[in-house]
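A.B. asks: Below are the sequence and a predicted model; questions follow.
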Amino acid sequence: MTDKHRLTILVADDTDTDRLILTSIVESEGHRVLSARDGIEAVDIFTRERPDLVLLDALMPRLDGFGAARKIKALAGEELVPIIFLTSLTDTESLVQCLDAGGDDFLSKPYNRVILQAKIKSFYRMRELHSTMLEQRNQIALHNEHFMQEQTVAKQVFDNIAHSGCLDANNVKYYLSSLAIFNGDIMLAAMRPSGSMMVLLGDFTGHGLPAAVGAMPLASVFYGMVPKGFAMTDILREMNSKLKTILPVGIFCCATMVDINFRKQEMRVWNGGLPECFIYRGDTLAYEPIVSRHLPLGVLSDKDFRDDCITFPMALGDRLYIWSDGIHEARNPEGDMFGEERLQAVFDHNTRPERLYDEILDRVQNFIGQGERNDDLSLIEILMAEPQHVNAVAAEAERRNQSTLAEWGMSFDIQPASFRMFDPLPLLLNILVEVPGLRGHSGTLYTIISELYSNALEHGILALDSSLKETQDGFTNYYQQRQERLNEVSTGFVRLHLHHCTTDEGGTLTIRVEDSGPGFTGAKSQVREEPGANRYGGRGVALVDKLCDAVRYLGEGNEVEAVFSWRNDE
């Protein structure tokens, strides 16, 4: 017998003859034997030696086998130490007493060598199986501990990215529960420079780390773009593009995003895959459902993605309710779902709008009772209120809108010494992005001003011929001439005029660029002309025309005026 299969077996019997017989049988199988004459001695030996198996006489002095078995089982703890009772008792009550004391089997006197050997082998296999099970359980517990640590770290990182934003505003109530450390549902809220509030409720497929993979970039895009004043459609497209790029097939985010304009008392909604949300009218106590009209974020390519939103007028006291499908799919102990009808019944029977949010949560939680939840529960209530009653950001934006500089202008000259080394675009953009509402259009403004400035410099000052760019070789020659003439130019100027004016909807920016050159012919025709696929020139002029509300060339083309307008809620 190998050492691996050699057991240490405790034999406890107050009869010397029986103890010797058992010792002989056990040792003949190659096992080590420990002997005890009574129950107290058996417990002491077990405490010191920790044997693998115990053969225990039921009736012994000082401490009988029943008492000894209970103490040994307590000392063994989770470890499986089989106890085989040695007994001449045959009545049912005595045998039950052996089992109640912790015995695993019986061996009747007189002892049968074959049966005893078979029982030892059987319990050895059982002990090995139990040991394997404990080892696997400990490994599972260790892996689970590591997994929980990873989720905790992911949660901490996510909380740093997806902070509460403006969810603590006076007009917002929200509830977010989770099935895991990291929630599959995500709530984001932030204020735009114009004073409007953007809120997003998302529901990722899965929970834990799979949800964290998408939630972090989603929150990063949201909190990176909303405070800068980007339009809701631009933010939606950026989030969809980011998720489409990084998420595997089958992982996506059902989401509802809203832009609440407190000054104009209106709301824009985009719903992609979440349950219909409700607008609850404070005066009539009627509700309007807003159903999902789009696929979730991260499903479609940018080309196929639809960003169209619906605009709703909102009176003071109106409320918007958004929830995840965890509300509909909440189950009671019998397995029934809460469902849409029960939720609509809460709205139908409500008579106090200020209590509706609490009523929804109470009804859902009472329905679930002690039952196990099978999804995250998320609910948001947003009240249409006066800006000063929302938060400090909305109040400050309203004050700024009322007292902002309504109309201003500036001129900026670039002289010959700066043509080659100085780019005026960064300086001008730094000024323009400080204007409320223009920050989100910085990319468009850069394109417009850079094209107009380049035309003035290259055609007006340097007198370059744009027809050179009709071919690939000419294109190269064009920029060689550009560099040579920049090095030689010593006279002339390019002057940029900016004129800003606010409107009820947003504002207009008039950009006028003039140069000291003689102008260039064909300017008016180039404005409308679409360049062919193989042409290298004329694209910038056509692009400016598309980006602006109006483009006007004055004189001989050495002065151009472009008008760009924007809305505060874009």
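C.D. replies: That came in fine, so what should we check first?
A.B. asks: so where is the stretch 351-500 of the chain shaky, pLDDT-wise?
C.D. replies: 370-375, 400-406, 436-437 (pLDDT under 70).
A.B. asks: Quick one: the helices in it, in order.
C.D. replies: 356-368, 392-403, 416-419, 425-432, 442-455, 472-488 (DSSP state H, counting those that start in this stretch).
A.B. asks: most tightly surrounded among these?
C.D. replies: Sort the helices of the stretch 351-500 of the chain by mean neighbour count, taking mean count of other CB atoms under 10 Å, and helix 442-455 sits at the top with a mean of 18. Glycine gets a C-beta too; all of them are placed from N, C-alpha and C.
A.B. asks: What is it packed up against?
C.D. replies: helix 425-432, strand 494-502, strand 506-515, helix 539-547, strand 559-567 (3 or more CB pairs under 8 Å, 6 or more residues apart in numbering; DSSP states H and E).
A.B. asks: To Cys277, which of these lies closest?
C.D. replies: strand 559-567 (23.8 Å; CB to CB).
A.B. asks: packing partners for the closest one?
C.D. replies: helix 442-455, strand 506-515, strand 550-554.
A.B. asks: Kindly reformat these as CSV containing distance to Phe422.
C.D. replies: Below are the helices and strands packed on strand 559-567 laid out as CSV (distance: least, CB to CB, whole Å):
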stretch, distance to Phe422
helix 442-455, 11
strand 506-515, 15
strand 550-554, 25
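A.B. asks: circling back to that earlier point, including distance to Glu470, could the helices and strands packed on helix 442-455 go into CSV?
C.D. replies: CSV is the format used below for those (distance: least, CB to CB, whole Å):
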stretch, distance to Glu470
helix 425-432, 27
strand 494-502, 25
strand 506-515, 23
helix 539-547, 12
strand 559-567, 22
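A.B. asks: Pick the most buried one from the ones you listed.
C.D. replies: Counting by mean count of other CB under 10 Å, the most buried of those turns out to be strand 506-515, with a mean of 20.
A.B. asks: Quick check, central residue of the chain?
C.D. replies: For the chain, the residue sitting closest to the mean C-alpha position, by CA atoms, centre = their mean, is Ala215 at 1.9 Å.
A.B. asks: now stretch 195-206: mean pLDDT?
C.D. replies: Average pLDDT, stretch 195-206: 88.
A.B. asks: buried stuff in that stretch?
C.D. replies: Gly195, Ser196, Met197, Met198, Val199, Leu200, Leu201, Gly202, Asp203, Phe204, Thr205 (16 or more other CB atoms under 10 Å).
A.B. asks: Show me how far it is from its chain's centre.
C.D. replies: Stretch 195-206 sits 10 Å away from the centroid of its parent chain (CA atoms, centre = their mean, to the nearest Å).
A.B. asks: Report how many residues lie close to the closest residue to Asn171 other than its chain neighbours.
C.D. replies: Excluding the flanking residues, the one nearest Asn171 by CB to CB, 6 or more residues apart in numbering is Leu383, at 4.0 Å. The tally of other residues near Leu383 (other CB atoms under 10 Å) stands at 23.
A.B. asks: show me the contacts for Leu383.
C.D. replies: Asn171, Val172, Gly317, Asp318, Arg319 (CB atoms under 8 Å, 6 or more residues apart in numbering).
A.B. asks: Put the buried members of these into a ChimeraX selection.
C.D. replies: The following ChimeraX line selects those of the contacts of Leu383 that are buried, judged by 16+ other CB under 10 Å:
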select :171,172,318,319
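A.B. asks: Make CSV out of the contacts of Leu383 and add distance to Leu379 and secondary structure.
C.D. replies: CSV is the format used below for the contacts of Leu383 (distance: CB to CB, whole Å; DSSP: H, G, I helix; E, B strand; the rest coil):
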residue, distance to Leu379, secondary structure
Asn171, 15, coil
Val172, 11, strand
Gly317, 19, coil
Asp318, 17, coil
Arg319, 12, strand
